[in-house]
Structure formats: C-alpha cells, structure tokens
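Q: the amino acid sequence is not available; the structure is as follows:
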C-alpha cells in the first residue's frame with residue numbers, strides 16, 4: 001500500500017537536512033521558517049533549530065516568541081477542551097500563570113502599552129503578534145551571507 005503523505009513530509013532529521021540543502025535555494029517565500037515548517041511537516045521551533053544547523057541566522061528573540069506562542073496556544077486548547085464551565089478556580093490559576101509569563105498583558109493584549117483617560121488599555125493584541133510571527137522575515141546579516149563565498153564549507 002502506498003503511503004498517503006509525500007516523502008519529504010516523512011523524513012527524519014538527517015534526511016531532512018540533506019533534502020533542505022537542495023530545497024532552500026528554490027524557496028521563494030517571505031518567511032523561511034514558516035515555509036520550512038510546512039514543506040517538511042515540522043513545527044516552527046524544529047524548523048528554527050534545523051535552519052540554524054544549516055547556517056541560517058535566526059534571532060533568539062524570534063525563537064522565544066515561538067515558544068511563548070506555543071505555551072499560550074496549549075493553555076487555550078486545554079481551556080477549550082474543558083469548556084468555560086470547568087473549575088473556575090483552576091481556570092483563574094492558569095490565567096495567572098500565563099500573566100506571570102507576560103506581566104504586562106491580559107487575555108486580549110499581548111503587551112499593554114498604557115491606558116486611556118477612561119482606563120481602557122491599548123497596545124499589541126495577541127492576534128497581531130500571532131500574525132507578525134507568521135510573517136516574520138528571514139534575519140540574515142549581509143556579512144553572514146558573504147561568509148561562505150570563498151569557503152569550502154558552504155552549507156548547501
């Protein structure tokens with residue numbers, strides 16, 4: 001019986017890294033992490049790790065943002081699973097844990113920049129941050145791009 005998923009989505013890390021060396025020069029998208037993640041069917045954190053192994057410079061800040069988004073999504077998924085009618089005391093405890101990770105945030109705002117005269121908060125919402133993380137551009141320094149020009153150690 002023929003497998004239902006494409007071969008490039010079933011590869012283990014060593015084979016993915018070999019295949020990625022051929023695939024990356026052909027990639028024309030804006031966000032290399034998202035593209036790698038989709039093409040090889042891995043999560044974005046794994047994609048960042050493997051792209052770093054291949055010589056791409058991806059900021060630690062972006063990796064931390066991905067990890068924070070993962071925690072928030074897991075908590076939201078657990079909350080949806082239990083439903084709002086679950087133990088409200090436990091729900092409050094989990095919300096407080098999330099807010100401890102992000103002290104200047106709430107359930108709507110990722111970062112509260114301030115408050116209006118009427119006491120209404122303003123800043124970046126969770127949705128805006130999630131959209132930004134999906135559109136986060138590849139971070140390469142022009143010096144790093146030229147690092148492999150004359151070198152025998154070209155990563156692909």
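A: Arrived safely. In this text, all values refer to a predicted model and were calculated from it rather than measured experimentally.
Q: tell me where this protein has helices.
A: For the chain, applying DSSP state H gives helices covering 13-23, 32-40, 44-53, 60-82, 88-101, 126-134, 142-145.
Q: nearest to residue 110 among the ones you listed would be which one?
A: Closest to residue 110 of the helices of the chain is helix 126-134 (C-beta to C-beta; 4.4 Å). All C-beta atoms are positioned from the backbone trio N, CA, C, and that covers glycine.
Q: from the contact counts, what lies against that closest one?
A: Packed against helix 126-134 by the contact rule (3 or more C-beta pairs under 8 Å, 6 or more residues apart in numbering; DSSP states H and E) you find helix 60-82, strand 109-115.
Q: ok, the closest residue to residue 115 other than its chain neighbours to residue 76 distance?
A: In this structure, residue 115 finds its nearest non-sequential neighbour in residue 121, 5.4 Å apart by C-beta to C-beta, 6 or more residues apart in numbering. According to C-beta to C-beta, to the nearest Å, residue 121 and residue 76 sit 20 Å apart.
Q: please apply the same query to residue 131.
A: For residue 131 relative to residue 76 (C-beta to C-beta), the value is 16 Å.
Q: the more surrounded of the two?
A: Legend: neighbour count by other C-beta atoms under 10 Å for residue 131 and residue 76, higher for residue 76 (14 against 11).
Q: got the helices and strands packed on helix 126-134 as JSON lines, with distance to residue 18 and mean pLDDT columns?
A: Converted to JSON lines, these look like this (distance: least, C-beta to C-beta, whole Å; pLDDT from 0 to 100):
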{"stretch": "helix 60-82", "distance to residue 18": "23", "mean pLDDT": "84"}
{"stretch": "strand 109-115", "distance to residue 18": "38", "mean pLDDT": "75"}
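Q: out of those, which is closest to residue 15?
A: helix 60-82 (23.4 Å).
Q: now do the buried residues in that closest one.
A: Across helix 60-82, burial judged by 16 or more other C-beta atoms under 10 Å covers 62, 63, 65, 66, 68, 69, 72, 75.
Q: quick one: those residues as a markdown table, columns for distance to residue 50 too.
A: Converted to a markdown table, these look like this (distance: C-beta to C-beta, whole Å):
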| residue | distance to residue 50 |
| --- | --- |
| 62 | 14 |
| 63 | 12 |
| 65 | 18 |
| 66 | 13 |
| 68 | 20 |
| 69 | 19 |
| 72 | 23 |
| 75 | 26 |
